[in-house]
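Undergrad: Please work out how this folds:
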Amino acid sequence: MLDDNHLFQRAASSAYASMAAFTAAANMYNSFYPTA
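TA: Now for the predicted structure:
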């Protein structure tokens with residue numbers, strides 16, 4: 001049970017990190033190529 005919870009926390013933090021990286025990349029793209 002403890003193992004499953006640990007794996008779930010790692011998966012959740014990994015998903016959050018990738019989402020944050022995607023958001024940062026999108027913001028950088030928008031600053032270089034602003035949308036009208």
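Undergrad: For the protein, which segments count as helices?
TA: Under the criterion DSSP state H, the chain carries helices at the ranges 2-32.
Undergrad: where does this structure dip in pLDDT?
TA: Residues of the chain meeting the criterion pLDDT under 70: 1-2, 35-36.
Undergrad: Tell me who's in contact with the spatially most central residue of it.
TA: Geometric centre of the chain, nearest residue: Met19, 1.9 Å, by C-alpha atoms, centre = their mean. Contacts for Met19 (C-beta atoms under 8 Å, 6 or more residues apart in numbering) come out as none. (Each C-beta comes from the backbone N, C-alpha and C, glycine too.)
Undergrad: any idea how far it lies from Ala12?
TA: 11 Å (C-beta to C-beta, to the nearest Å).
Undergrad: Please report how far Phe22 lies from Tyr16.
TA: Taking C-beta to C-beta as the measure, Phe22 falls 11 Å from Tyr16.
Undergrad: same question, Ala24
TA: If you go by C-beta to C-beta, the gap between Ala24 and Tyr16 works out to 13 Å.
Undergrad: Based on its surroundings, how many neighbours for Phe32?
TA: By the other C-beta atoms under 10 Å criterion, the neighbourhood of Phe32 contains 7 residues.
Undergrad: what's the answer for Ser14, then?
TA: Neighbours of Ser14 under the rule other C-beta under 10 Å: 10.
Undergrad: what about it, distance to Ala21?
TA: From Ser14 over to Ala21 the distance is 11 Å, taken as C-beta to C-beta.
Undergrad: Over to Ala11?
TA: Distance from Ala11 to Ala21, counting by C-beta to C-beta: 16 Å.
Undergrad: now Ser13
TA: Between Ser13 and Ala21 the distance is 13 Å, computed by C-beta to C-beta.
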